[in-house]
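*Asks:* missing the sequence, but the structure's below:
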């Protein structure tokens with residue numbers, strides 16, 4: 001398990017800007033399970049985090065000073081600014097995008113940010129969601145999972161969420177409108193899936209992997225689909241977990257299982273956000289954020305997503321806009 005002691009604080013002067021550069025003050029920092037994979041010295045879809053460098057993370061900031069015609073002081077921007085108070089970037093490079101919407105700033109790290117977009121494309125493009133589907137979402141009380149549950153319901157699907165603890169399960173049904181919820185901490189997930197999905201699962205949106213993925217495979221409908229978004233259950237293991245023991249069921253039931261990265265649909269992010277903003281305006285989609293505060297609490301806040309302490313999108317507020 002990663003720990004706060006794996007990180008250290010470092011202070012240095014804010015640099016002077018060169019022509020074309022932009023200086024941003026960080027307001028909100030995003031925390032995502034994938035950041036844990038950056039700390040492993042092994043191949044992934046991005047290079048490992050280098051020891052001694054600023055920890056990578058998505059963030060929202062405000063332009064403090066600009067020597068670029070593309071950005072003006074006071075504008076709000078989103079980018080990979082990392083765990084730091086201030087950051088600078090070349091305004092001619094795609095290091096940041098402007099936030100021009102009318103929703104509260106944290107929403108653009110939550111339901112309208114990478115997590116909401118991951119749920120959107122994972123369900124609609126990878127999972128080929130239809131209104132006739134029975135959908136199961138693991139990690140359903142987390143950032144991506146809570147968006148996935150809501151999008152599945154918006155599209156008319158019967159939706160079951162899996163989460164840890166009775167409180168989170170009540171939240172899934174009462175707040176998100178899930179048709180049922182399964183508490184993996186106190187219930188037999190495979191048995192409860194069989195109960196809630198007697199005809200089988202059409203679409204399983206997986207955020208956790210491990211034994212819950214195995215339980216879902218055992219309850220898939222013929223020609224079902226599995227969208228592999230994440231596998232947080234094994235991110236902190238000393239040794240890789242054994243694979244599901246029932247993979248033959250993918251053959252026997254002709255199930256398609258596909259991993260995906262949301263960046264594949266980068267060109268369609270604006271299109272997706274417009275639709276999701278319409279859902280928010282109509283009250284169908286809500287963004288749930290767990291916002292901690294204080295720069296010194298960044299490492300401890302990172303730990304919350306592995307302890308299951310967050311409900312919705314985990315982030316931390318560093319500063320107020322001016």
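*Replies:* Okay, I see it. What you see is a predicted model; the values in this text were computed from it and never measured.

*Asks:* three-state assignment of the spatially most central residue of the chain?
*Replies:* Residue closest to the mean C-alpha point of the chain, counted by C-alpha atoms, centre = their mean, is residue 115 at 3.5 Å. At residue 115, secondary structure determined by DSSP: H, G, I helix; E, B strand; the rest coil is helix.

*Asks:* measure it to residue 256 for me?
*Replies:* 24 Å (C-beta to C-beta, to the nearest Å). Where C-beta positions appear, they are placed from N, C-alpha and C, glycine not excepted.

*Asks:* Which stretches in the stretch 201-322 of the chain count as helices?
*Replies:* Ranges of helices in the stretch 201-322 of the chain, per DSSP state H, counting those that start in this stretch, are 210-217, 248-252, 269-281, 298-307.

*Asks:* To clarify, my last question referred to the stretch 51-200 of the chain.
*Replies:* Here the stretch 51-200 of the chain has its helices, by DSSP H, counting those that start in this stretch, at 114-121, 143-154, 166-174, 189-196.

*Asks:* wait, which of those helices is closest to residue 183?
*Replies:* helix 166-174 (4.9 Å; C-beta to C-beta).

*Asks:* now the angle from that closest one to helix 143-154?
*Replies:* Computed by axes from the mean of the first three to the mean of the last three C-alpha atoms, to 10 degrees, the angle separating helix 166-174 from helix 143-154 equals 30 degrees.

*Asks:* ok, back up a step: thought the residue nearest to the centre of the chain was touching residue 148?
*Replies:* No - using C-beta atoms under 8 Å, residue 115 makes no contact with residue 148, being 9.3 Å away.

*Asks:* Can you get me a residue count around the nearest residue to residue 232 once chain neighbours are set aside?
*Replies:* With C-beta to C-beta, 6 or more residues apart in numbering as the criterion, residue 232 has its nearest non-adjacent residue at 4.4 Å, and that residue is residue 33. For residue 33, the neighbour count with other C-beta atoms under 10 Å is 22.

*Asks:* Same question for residue 76.
*Replies:* 18.

*Asks:* pull the helix or strand with minimum mean pLDDT from the chain.
*Replies:* The weakest-scoring helix or strand in the chain, judged by mean pLDDT, DSSP states H and E, is helix 34-38 (a mean of 86).

*Asks:* Quick one: residues contacting residue 293.
*Replies:* Counting by C-beta atoms under 8 Å, 6 or more residues apart in numbering, residue 293 touches 316-317.

*Asks:* Identify the bridge partners of it.
*Replies:* Counting by DSSP bridges, residue 293 is bridged to residue 317.

*Asks:* still on that earlier bit, which one is the residue nearest to the centre of the chain nearest to, not counting chain neighbours?
*Replies:* residue 143 (3.9 Å).

*Asks:* Against residue 238, how distant is the one you found?
*Replies:* The gap separating residue 143 from residue 238 is 26 Å, by C-beta to C-beta.

*Asks:* likewise residue 186?
*Replies:* Distance check for residue 186 against residue 238: by C-beta to C-beta, it reads 26 Å.

*Asks:* Settle it for me: which of the two has more neighbours?
*Replies:* More crowded of residue 186 and residue 238, by other C-beta under 10 Å: residue 186, with 10 against 5.

*Asks:* Quickly note the distance from the nearest residue to that one once chain neighbours are set aside to residue 172.
*Replies:* Nearest residue to residue 186, sequence neighbours excluded (C-beta to C-beta, 6+ apart): residue 166, at 7.3 Å. Distance, residue 166 to residue 172, by C-beta to C-beta: 11 Å.

*Asks:* which of these two has more neighbours?
*Replies:* residue 172 (28 against 13).

*Asks:* which residues in this structure form strands?
*Replies:* Secondary structure of the chain (DSSP state E): strands located at 21-30, 59-66, 76-79, 86-90, 96-98, 134-137, 158-163, 180-183, 201-206, 220-228, 256-259, 289-293, 313-317.

*Asks:* Just name the most buried of the ones you listed.
*Replies:* Highest mean neighbour count of the strands of the chain: strand 134-137, a mean of 30 (counted as mean count of other C-beta atoms under 10 Å).

*Asks:* counting contacts, what elements does it pack onto?
*Replies:* On a contact count with 3 or more C-beta pairs under 8 Å, 6 or more residues apart in numbering; DSSP states H and E, strand 134-137 meets helix 143-154, strand 158-163, strand 201-206.

*Asks:* So for it, mean pLDDT?
*Replies:* Throughout strand 134-137, pLDDT has a mean value of 98.

*Asks:* And stretch 183-203, by the same measure?
*Replies:* Mean pLDDT, stretch 183-203: 98.

*Asks:* quick one: buried residues of it?
*Replies:* By 16 or more other C-beta atoms under 10 Å, the buried positions in stretch 183-203 come out as 183-184, 187, 189-190, 192-193, 196-197, 200-203.

*Asks:* Show me what it is in contact with.
*Replies:* For stretch 183-203, contacts defined as C-beta under 8 Å, 6+ apart pick out 123, 127-130, 132-136, 138, 152, 157, 160, 162-166, 168-169, 179-180, 182, 211-212, 214-216, 218-222, 224-227.
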